[in-house]
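[1] next comes the sequence, and after it the predicted model I'd like to discuss.
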Amino acid sequence: MMSRLDQIRAARNALIAFALWTTPALAQAPSPAAPLTLRLADVGRFATFVDMGGVQWTGRVARLRALQVTEGGFRAGAEEFWGGWRHEVIDCEARTIAHAGFSSIRAGGREGPVTGDQRPAAPIAPGGADAAVARVVCDGWTPFAKVPVAGSLAEAVTLGRPLIETGAEP
């Protein structure tokens, strides 16, 4: 004869077995990507956006990534690309930049691995994308005030590509 305690144990054991069986799958499930805060900093050969939500500060040194959106139809080999992430370290006081790698972004948003080692810091040349990124990050500059902040890679591509074609100025 089965007692109430045996019934509780059976239910408890089933619950434990279920938890053990499903927990690894839940733990490995990809978390939804955090929304991006991509502020347009420069338009030239690329439309360059700063990932404002990803800036990490140590004193007045910022570690960040800048999204370079390519013109429409950009291909490398047989694949189409949206652009890529430049990983940077900017010393706002010294006005230097150290390039810390690059990762490509294929059409559709698939990101490649970060490649390249961190280079030594060098002075930021005036007038280029690096200078614009530094002004946005270090000084709070907001060029292209009428261009909305992009919340995704696809949105940045949609906003940036027409500006590359027209040669927009801040």
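    Sure thing, it's come through.

[2] could you use CA atoms for every contact and neighbour count after this?
    Noted.

[3] tell me the SS of Ala168?
    Secondary structure for Ala168, judged by DSSP: H, G, I helix; E, B strand; the rest coil, is coil.

[4] does it touch Val43 like I think?
    Yes: using Cα atoms under 8 Å, Ala168 is in contact with Val43, at 6.5 Å.

[5] can you list the low-confidence ranges for the protein?
    1-34, 170 (pLDDT under 70).

[6] try 80
    The chain contains residues with pLDDT under 80 at 1-35, 168-170.

[7] for it, what's the longest strand?
    What stands out as the longest strand in the chain, according to DSSP state E, is strand 79-91.

[8] about what we covered before: and Ala168 and Val43? Which one has more around it.
    The neighbour comparison of Ala168 against Val43 (other Cα atoms under 10 Å) goes to Val43, with 25 against 14.

[9] ok, now which ones touch the nearest residue to that one once chain neighbours are set aside?
    Spatially, and ignoring its direct neighbours in sequence, Val43 is nearest to Ile164 (6.1 Å; Cα to Cα, 6 or more residues apart in numbering). Listed by Cα atoms under 8 Å, 6 or more residues apart in numbering, the contact set of Ile164 reads 43-47, 71.

[10] and these, which is closest to Thr142?
    Thr142 lies nearest to Val43 out of the contacts of Ile164, by Cα to Cα, at 13.2 Å.

[11] what's across from the closest one in the sheet?
    Ala47 (DSSP bridges).

[12] isn't it right next to Pro162, touching?
    No: taking contacts as Cα under 8 Å, Val43 lies outside contact range of Pro162: 10.2 Å.

[13] pick out the residue nearest the middle of the chain.
    Closest residue to the average C-alpha location of the chain: Asp51 at 5.8 Å, with Cα atoms, centre = their mean.

[14] helix, strand or coil: sort out His99 for me.
    Classified using three-state DSSP, His99 is strand.

[15] note down every partner strand of the longest strand of the chain and its orientation.
    By DSSP bridges, strand 79-91 pairs with strand 61-69 (antiparallel), strand 75-76 (antiparallel), strand 96-106 (antiparallel).

[16] just put those strands in JSON lines and tack on mean neighbour count and distance to Val89.
    Converted to JSON lines, the strands paired with strand 79-91 look like this (neighbours: other Cα atoms under 10 Å; distance: least, Cα to Cα, whole Å):
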{"stretch": "strand 61-69", "mean neighbour count": "24", "distance to Val89": "4"}
{"stretch": "strand 75-76", "mean neighbour count": "12", "distance to Val89": "27"}
{"stretch": "strand 96-106", "mean neighbour count": "20", "distance to Val89": "5"}
